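Visitor: Sequence first, predicted coordinates after that:
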Amino acid sequence: MFASARVNWIKTEHHLQAMGRHALRLDHASLKRVRADAQAGYGLHWCSRTSDADFVRTFEGMRDVFAAFGAHISRHSIGTNANGGLGLHILLNVPDEFISAGGDIHDAKNPRNHELLRAAIKWGEATFGRNSVYMARLDLDEESAGVVDLFLAPARPDRRTRNGALRIMSSSAMTELRLRYNARMSYVALQTCWAEWCQEHLDPAINRGRSKVETRAEYLNVEEYKKARALAQRQIDEALDRANAEAQQILAGARDAAADVETERQSLAVERAQLAEQHARVTRMQKVLEIATRTFARLCEVLLKLVPSERLNVERAQNVAQKALQLVQDIGDAPRPY
């Protein structure tokens with residue numbers, strides 16, 4: 001299982017307003033991403049405005065990025081830079097396997113979704129400084145899941161002022177992160193930092209993916225990756241189904257062949273029994289003929305003694321008896337059936 005992180009730099013108020021419309025499902029792009037069986041805007045969200053006494057918790061209030069940003073910098077007396085930098089929008093992702101372990105990945109009651117949202121907020125505060133996160137959202141109305149939209153205004157003291165007033169310094173915050181991990185680029189450090197947080201606070205089995213610098217691969221965003229993975233899984237499932245069908249055909253053929261072999265074996269067994277029975281009958285006949293022949297020979301000897309004049313006829317009879325005895329012996333020497 002792999003975790004990932006992606007950062008967008010918020011440059012203008014127009015950008016903040018556009019992200020607010022997207023969160024409120026007021027633009028075409030956001031509505032296009034909503035699942036057919038889902039309610040637009042369904043999900044989990046957190047906003048720092050909940051600490052304001054006059055704030056009323058509503059769907060619009062919890063998802064209006066521009067309003068939350070304005071309330072946040074006013075509450076903490078944070079200024080903006082002249083170059084228009086207004087913070088960071090970071091997308092934090094964990095694998096579906098982690099979410100599905102707690103139930104339906106699109107269910108707001110799934111405890112794993114709540115764990116992820118809390119972990120993302122705490123990671124943002126620990127990584128970019130206290131009071132950096134002013135809004136977090138986990139959309140559950142889209143096909144993808146396990147992605148937290150985190151909105152931050154990382155503030156640092158402005159050394160150019162006498163009193164060290166706080167100003168949004170996204171670039172400085174990302175540089176600090178890069179130096180902390182001794183990384184060539186801040187995006188690399190961001191990935192490592194989030195993966196380590198996931199391992200420590202969510203699941204030790206969640207790992208960091210290999211760096212793009214290392215693999216030189218063209219990486220997909222979370223939604224593109226999950227679509228590609230779903231397509232690959234469908235192809236694997238189809239291949240497995242085909243292989244299973246072929247295996248069933250082979251197995252059916254083997255069963256038919258085994259049945260034919262068994263039928264032939266039974267037929268041979270019957271034939272063997274019949275041959276054995278025939279051989280037993282021949283053996284019995286052989287013994288009877290042998291006894292009769294020997295008895296006849298003795299009778300001929302007695303007859304010669306009593307009637308010498310019949311020697312010629314007796315010798316002929318003896319020759320016939322000898323041939324009969326030899327025939328019986330030949331029959332007895334024939335090979336037996338196995």
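Guide: Yep, it's here.
Visitor: Could you check which helix or strand contains the most centrally placed residue in the chain?
Guide: Taking CA atoms, centre = their mean as the criterion, Gln233 is the residue nearest the geometric centre of the chain, at 7.9 Å. Using DSSP states H and E, Gln233 maps to helix 222-306.
Visitor: Next secondary structure element downstream of that helix?
Guide: That would be, after helix 222-306 and using DSSP H and E, helix 311-332.
Visitor: what is the rounded mean pLDDT of that next one?
Guide: Averaging pLDDT along helix 311-332 yields 71.
Visitor: Tell me where the stretch 101-250 of the chain has strands.
Guide: Along the stretch 101-250 of the chain, counting by DSSP state E, counting those that start in this stretch, strands occupy 133-139, 147-152, 155-157, 166-168, 207-208.
Visitor: Need the ones you listed in TSV (columns: distance to Val282, mean pLDDT and mean neighbour count).
Guide: Every residue, glycine included, has its C-beta placed from N, CA and C. Shown next, in TSV, are these (distance: least, CB to CB, whole Å; pLDDT from 0 to 100; neighbours: other CB atoms under 10 Å):
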stretch	distance to Val282	mean pLDDT	mean neighbour count
strand 133-139	92	97	25
strand 147-152	90	97	24
strand 155-157	113	93	19
strand 166-168	112	94	22
strand 207-208	82	90	16
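Visitor: now those as CSV including distance to Phe59?
Guide: Below are the strands of the stretch 101-250 of the chain laid out as CSV (distance: least, CB to CB, whole Å):
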stretch, distance to Phe59
strand 133-139, 11
strand 147-152, 15
strand 155-157, 28
strand 166-168, 27
strand 207-208, 35
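Visitor: Among these, which comes closest to Gln274?
Guide: Nearest to Gln274, of all the strands of the stretch 101-250 of the chain, is strand 207-208, at 72.4 Å by CB to CB.
Visitor: which other residues reach the closest one?
Guide: With CB atoms under 8 Å, 6 or more residues apart in numbering as the test, strand 207-208 has contacts from 1-3, 191-192, 195-196, 199.
Visitor: just the residues you listed: which has the poorest pLDDT?
Guide: For those, the pLDDT minimum is Met1, 83.
Visitor: That one: neighbouring residues, count only.
Guide: 13 (other CB atoms under 10 Å).
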